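**Student:** With the input below, show me the fold.
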Amino acid sequence: MSIPTTSTPFTPDSALDLMFSPDLISLEVKNAMHPDVHIRPLAMTDYHRGHLKVLSVLTSAPDPGQEAWSAHFSALRAARAYYSVVIIDKASDQIVGVGTVFLERKFQRGISCVGHIEDIAVDEKQQGKKLGLRIIQALTYISENSGAYKTILNCSDKNIPFYQKCGYEKKENEMARYTPERSHSPRL
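**Tutor:** From the prediction side, this is the model:
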């Protein structure tokens, strides 16, 4: 007599087309994750796992459609400078946290690079569970192990205490100039 098993919709890393090797994510961070969630690189099929929905917690993230999303994913992966991680809720196989670090190559400091952390977002129902901390730790590890001499990020004043808990310090100022809205997006 066989014992019935419950199946979960969770998709293992080995079955996914990932942005980069999951081996670049720190084992320490992986081991610190709650057993109900999993951290991994962004996958080609994450359009269907709520990637844009989680990003919309942070800012406007209009849906460009699956084809455009997939083309953008491919372009970021081909650049080999973008490392987007996601946290997956294993029970639903849906994204509950996201973040990216990109590496800017520099002539300074002996031809080095700087890691820029961007787009940290955690589903509102999942906030307060240290998922944001784990994303920052994973991205910082990737940046530092890619040779970056520093890792930087921008945040609102209300988020400064959170990033200080993650080991970051307030330094200098950010300036921004936003492009006026256009009827179409120019493509380079």
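
**Student:** Would you mind identifying the next helix or strand past the lengthiest strand in the chain?
**Tutor:** Secondary structure of the chain read by DSSP state E shows that its longest strand is strand 94-105. Where DSSP states H and E defines the elements, the next helix or strand beyond strand 94-105 is helix 108-111.

**Student:** neighbouring contacts of the helix or strand of the chain with the lowest mean pLDDT?
**Tutor:** Among the secondary structure pieces of the chain, namely its helices and strands, helix 108-111 has the lowest mean (mean pLDDT, DSSP states H and E), a mean of 90. Under the contact criterion CB atoms under 8 Å, 6 or more residues apart in numbering, helix 108-111 has outside partners 105, 149. (C-beta placed from N, C-alpha, C; glycine too.)

**Student:** For the residue nearest to residue 35 when sequence neighbours are not counted, list the residues it contacts.
**Tutor:** Excluding the flanking residues, the one nearest residue 35 by CB to CB, 6 or more residues apart in numbering is residue 90, at 7.9 Å. Under the criterion of CB under 8 Å, 6+ apart, the contact partners of residue 90 comprise 8, 10, 35-38.

**Student:** can you tell me how far residue 90 sits from residue 181?
**Tutor:** As defined by CB to CB, to the nearest Å, residue 90 lies at a distance of 40 Å from residue 181.

**Student:** Then residue 174?
**Tutor:** Looking at residue 174 against residue 181, where the rule is CB to CB, the gap reads 22 Å.

**Student:** between these two, who's got more neighbours?
**Tutor:** Each of residue 174 and residue 181 had its neighbours counted (other CB atoms under 10 Å), and the higher figure belongs to residue 174 (8 against 5).

**Student:** helix, strand or coil for that one?
**Tutor:** Under the three-state scheme (DSSP: H, G, I helix; E, B strand; the rest coil), the conformation of residue 174 reads as coil.

**Student:** Quick check, central residue of the chain?
**Tutor:** Nearest residue to the geometric centre of the chain (CA atoms, centre = their mean): residue 99, 2.1 Å.

**Student:** any idea how far residue 154 is from that one?
**Tutor:** 13 Å.
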